[in-house]
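Colleague: give me the fold of what follows.
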Amino acid sequence: CIAGYYEYRKGSISMFLWATLLLLFGIPHFIGVLFATYDYDSSVMIQASLFVALFNIIYLLFRITILGRKRALDFRNEFKRKVYGLRTVESKRLIRVLFMCLVASLAILVYLSVSLFGGLLTTSWGGFYSLPGSVYALNKIVFAKLISMHLLFVSGGVIIPLWLTKRRYLSIACMLIIVCHVLITRNRIEILPVFVALVLLYASKKRKIGPRQLIAFAMIMICVVFAVDGLRLYRHYGTLAKFRENFDIINFNQQILQMITSDEGEMGLRNAFYYFLAEENKFPDFGEAHTYIRLLLIAVPTKYSLGLKPRDFAISMGSAYINNFSNTSYSMHPTLYGDCYANLGWLGVLLGIFWAFFAFVIDKLANRKNLVVKSALMVLFGVMYVIIGRGSVYNGCHLAFISALYLLVLNLALTAANAANVCLLKAPQHLS
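Modeller: All right, here's what the predicted structure looks like:
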């Protein structure tokens, strides 16, 4: 709570990391300890509490040392002072392009659905999951699938400038496009740009946290958990046609509530952290900082890393959790705390230093003069922090890394086009 409040007051995007950790670990862990509803020995719960407390303290100490009295990003003042900048020709053009990118992401997805599955009603989570996922496959299906996903995350932030410039219908249309995208793919993380954008818009107007703000944020948290677990349940229906035939709203809501209260959904991720603590990290590949080695080599494809880049550590954690070390597909994300412990054991508390510096760098990268680019990066990095908070560290960073490159190339191309237009306008008329 303290770290989250600090980052919120500083106007940092890392508030999404701490909100996620509070929701997925802090609150359920506190309730579990308070009412003794846990499945592990009490010593494990004490160790988990101690690890988390030390990690948070180290993070805060270094974060305060790095920032001092400065604002981290302070998007509130930026939104107020720079709204006029959204009305320039360059900003309008970039907003238009991002909106078209968002439409294109859905159009590509619809094309894939029709060409591969025969239509939208016959799509399913299993169908999309079984599609080739490797960029090394070098076929149009892979590229179309990846481009569609990254275009969504690149352009999801356009919700903010559209809303700030009073084009509310277009902003809502963007949210609906994202919802349609998610309903087709069943990929839960794709809904996150909507929630992140809404939180940023709300937080930009409310610097102080009072009872109303706490209630509002609590409602948003509940909606996020309900939506994410609901999408997970939605996958189990199979195709959209079967979902339409078998959907019962009362039964659907009851199943979601059961998932939440029984720790079967996102709220149960922390159990893997407890399990690793109970077994003292005595599993293959644990304690070797594989996640962080992979992060250092994030720009190098694993295939071409000459063996320096370890395999996805989430698979190793999944293998340990299900006690199947021949597993090659099941992954586990035990929240950021669990990932830190699995990577370095008790030395994982020192990774609080890494994440304090990481938050500083991300805020610097997002702090662009162009408010459209800034909004897009803030939403993208906000999504990244939510994914990191649930323990999918490398995947969250890789998604943000690739999507940010897309945005950089797009912005550079538009800047070059604008510069070329200015030069043509300024050229002497007799040369034409």
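Colleague: what's the distance between the residue most central in space within the chain and Leu120?
Modeller: Centroid check for the chain by CA atoms, centre = their mean gives Val383 as the closest residue, at 2.6 Å. Val383 sits 25 Å away from Leu120 when distances are taken as CB to CB, to the nearest Å. All C-beta spots, glycine's among them, are computed from the backbone N, C-alpha and C.
Colleague: before we move on, back to that, is the residue nearest to the centre of the chain in a helix, a strand, or coil?
Modeller: Of the three states, Val383 takes helix according to DSSP: H, G, I helix; E, B strand; the rest coil.
Colleague: okay, now the closest residue to it other than its chain neighbours: neighbour count?
Modeller: Nearest residue to Val383 in three dimensions, chain neighbours excluded: Leu192, at 4.4 Å (CB to CB, 6 or more residues apart in numbering). Number of residues near Leu192 (other CB atoms under 10 Å) recorded here: 25.
Colleague: which helix or which strand is home to the nearest residue to Ile57 once chain neighbours are set aside?
Modeller: For Ile57, the nearest residue in space outside its immediate sequence neighbours is Gly352; the separation is 7.5 Å by CB to CB, 6+ apart. Take DSSP states H and E as the rule and Gly352 turns out to sit in helix 351-366.
Colleague: Ser115 too?
Modeller: Per DSSP H and E, Ser115 falls inside helix 89-117.
Colleague: can you tell me what sits against the following helix or strand past that helix?
Modeller: Secondary structure here is assigned by DSSP H and E; on that basis, the next helix or strand after helix 89-117 toward the C-terminus is helix 125-129. By CB atoms under 8 Å, 6 or more residues apart in numbering, the list of residues contacting helix 125-129 from outside reads 116-117, 145, 185-187, 235, 238.
Colleague: which two of those residues have the greatest separation?
Modeller: Greatest spatial distance among the contacts of helix 125-129 (CB to CB): Lys145 and Gly238, at 19.8 Å.
Colleague: please say which of those two ends up with more neighbours.
Modeller: Neighbours per residue, other CB under 10 Å: of Lys145 and Gly238, the larger number sits with Lys145, 20 against 16.
Colleague: the more buried one and Tyr129, how far apart?
Modeller: Applying CB to CB, the value for Lys145 to Tyr129 is 11 Å.
Colleague: try Gly11
Modeller: For Gly11, the distance to Tyr129 (CB to CB) stands at 38 Å.
Colleague: which residues sit in contact with Ala19?
Modeller: Neighbouring residues of Ala19 by CB under 8 Å, 6+ apart: 4, 217, 221, 389.
Colleague: if we go to 10 Å?
Modeller: Taking CB atoms under 10 Å, 6 or more residues apart in numbering, we find Ala19 in contact with 1, 4, 7-8, 26, 199, 217, 220-221, 224, 382, 385-386, 389.
Colleague: now, these that are in helices?
Modeller: Judged by DSSP state H, the subset of the contacts of Ala19 located in helices is 4, 7-8, 199, 217, 220-221, 224, 382, 385-386, 389.
Colleague: could you flag which of those residues are buried?
Modeller: By the neighbour-count criterion of 16 or more other CB atoms under 10 Å, these include these buried positions: 4, 7-8, 199, 217, 221, 224, 382, 385-386, 389.
Colleague: checking Gly307 next. Helix, strand or coil?
Modeller: For Gly307, the secondary-structure state derived from three-state DSSP is coil.
Colleague: spatially nearest residue to Gln258, not counting backbone neighbours?
Modeller: Taking CB to CB, 6+ apart, and ignoring the residues beside it in sequence, Gln258 has Glu264 as its nearest neighbour in space, at 7.3 Å.
Colleague: thinking again about what came up before, now render the contacts of Ala19 as a markdown table, adding pLDDT and distance to Leu407.
Modeller: Formatted as a markdown table, the entries for the contacts of Ala19 read as follows, by pLDDT from 0 to 100; distance: CB to CB, whole Å:
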| residue | pLDDT | distance to Leu407 |
| --- | --- | --- |
| Cys1 | 71 | 32 |
| Gly4 | 84 | 27 |
| Glu7 | 85 | 23 |
| Tyr8 | 84 | 25 |
| Gly26 | 89 | 32 |
| Val199 | 89 | 20 |
| Phe217 | 75 | 28 |
| Ile220 | 79 | 25 |
| Met221 | 78 | 28 |
| Val224 | 81 | 24 |
| Gly382 | 94 | 14 |
| Tyr385 | 96 | 17 |
| Val386 | 94 | 18 |
| Gly389 | 94 | 22 |
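Colleague: just the residues you listed now: which is nearest Asn343?
Modeller: When the contacts of Ala19 are compared for distance to Asn343 (CB to CB), Gly389 wins out at 15.6 Å.
Colleague: not counting its neighbours along the chain, what's nearest the closest one?
Modeller: Leaving aside its chain neighbours, Gly389 sits nearest to Thr20 (2.8 Å; criterion: CB to CB, 6+ apart).
Colleague: may I see the buried residues of the longest helix that the chain contains?
Modeller: Secondary structure of the chain per DSSP H: the longest helix is helix 393-426. If you call a residue buried by 16+ other CB under 10 Å, then helix 393-426 has these buried ones: 393-400, 402-404, 406-407, 410-411, 414.
Colleague: so among the residues you listed, where is pLDDT lowest?
Modeller: For the buried residues of helix 393-426, the model is least confident at Leu414; its pLDDT is 82.
Colleague: list the contacts of that one.
Modeller: Applying CB under 10 Å, 6+ apart, the residues contacting Leu414 are 90, 93-94, 96-97, 372-373.
Colleague: would you point out the most distant pair within the residues you listed?
Modeller: Pairwise distances across the contacts of Leu414 peak at 14.1 Å for Arg96 and Val373 (criterion: CB to CB).
Colleague: those two: which is more packed in?
Modeller: Legend: neighbour count by other CB under 10 Å for Arg96 and Val373, higher for Val373 (21 against 12).
Colleague: picking up where we left off before, buried sites along the helix holding Gly352?
Modeller: 351-356, 358-360, 362-363, 366.
Colleague: next one: stretch 369-380
Modeller: Of the residues in stretch 369-380, those with enough neighbours to count as buried (16+ other CB under 10 Å) are 370-380.
Colleague: same check on stretch 320-327?
Modeller: By neighbour count, and taking 16+ other CB under 10 Å as the criterion, the buried residues in stretch 320-327 are 320-321, 327.
Colleague: next: stretch 245-256.
Modeller: Buried positions in stretch 245-256, judged by neighbour count with 16+ other CB under 10 Å: 252, 255-256.
Colleague: now swap in stretch 92-107 and tell me
Modeller: Buried positions in stretch 92-107, judged by neighbour count with 16+ other CB under 10 Å: 94-95, 97-99, 101-102, 105-106.
Colleague: cool, stretch 19-34 as well?
Modeller: Of the residues in stretch 19-34, 19-26, 28-29, 32 count as buried by neighbour count, 16+ other CB under 10 Å.
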